[in-house]
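>>> Below is the structure, and that's it, no one-letter string:
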């Protein structure tokens, strides 16, 4: 599958769950985070990674749902978990470098 096709597929997936993702509780706007990572990844490889991650999250949750009959919300939960994980582990830690968190303030 071409990068363009992967990205378009990922856009389709997040669009399918848009309202549910927008309504997810938490301090972040997760739909915009997923969309923004697809649009603004710094390289083609980065866009491919984001798109593949979104596609994988949905497909894995569908397989799990088929095996366990866990319910309809599994793919939505996977999208929220993916976006929340990126926000918590990738984006927010990079805004607070460890050197700042260990710095002492002297007057």
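Structure's in. What do you need? Bear in mind that the values here come from a model prediction, so they are computed numbers and not experimental data.
>>> And residue 4, how far from residue 48?
As defined by C-beta to C-beta, to the nearest Å, residue 4 lies at a distance of 10 Å from residue 48. C-beta: built from backbone N, CA, C; applies to glycine.
>>> repeat for residue 74
As it turns out, when the distance is counted by C-beta to C-beta, residue 74 lies 24 Å from residue 48.
>>> Between residue 4 and residue 48, which has more neighbouring residues?
The residue with more neighbours, out of residue 4 and residue 48, is residue 48; 17 against 11, by other C-beta atoms under 10 Å.
>>> any idea where the strands of this structure begin and end?
Listed from the start of the chain, the chain has no strands (DSSP state E) to report.
>>> The residue most central in space within the chain - nearest residue in space that isn't next to it in sequence?
The centroid of the chain falls nearest to residue 83 when counting by C-alpha atoms, centre = their mean (2.9 Å). Nearest in space to residue 83, with sequence neighbours left out and distances taken as C-beta to C-beta, 6 or more residues apart in numbering, is residue 30 at 3.9 Å.
>>> the helices in this structure, which residues?
Read by DSSP state H, the chain holds these helices, from start to end of the chain: 3-16, 18-22, 30-40, 44-68, 74-85, 92-95, 98-101.
>>> Worst mean pLDDT among those?
Out of those, the stretch the model trusts least by mean pLDDT is helix 98-101, with a mean of 49.
>>> Residue 24 touches residue 78, doesn't it?
No. Residue 24 is beyond contact range of residue 78, at 11.9 Å (criterion: C-beta atoms under 8 Å).
>>> Pick out whichever of those two has more residues nearby.
Taking residue 24 and residue 78 together and counting by other C-beta under 10 Å, residue 78 has the greater number of neighbours (22 against 18).
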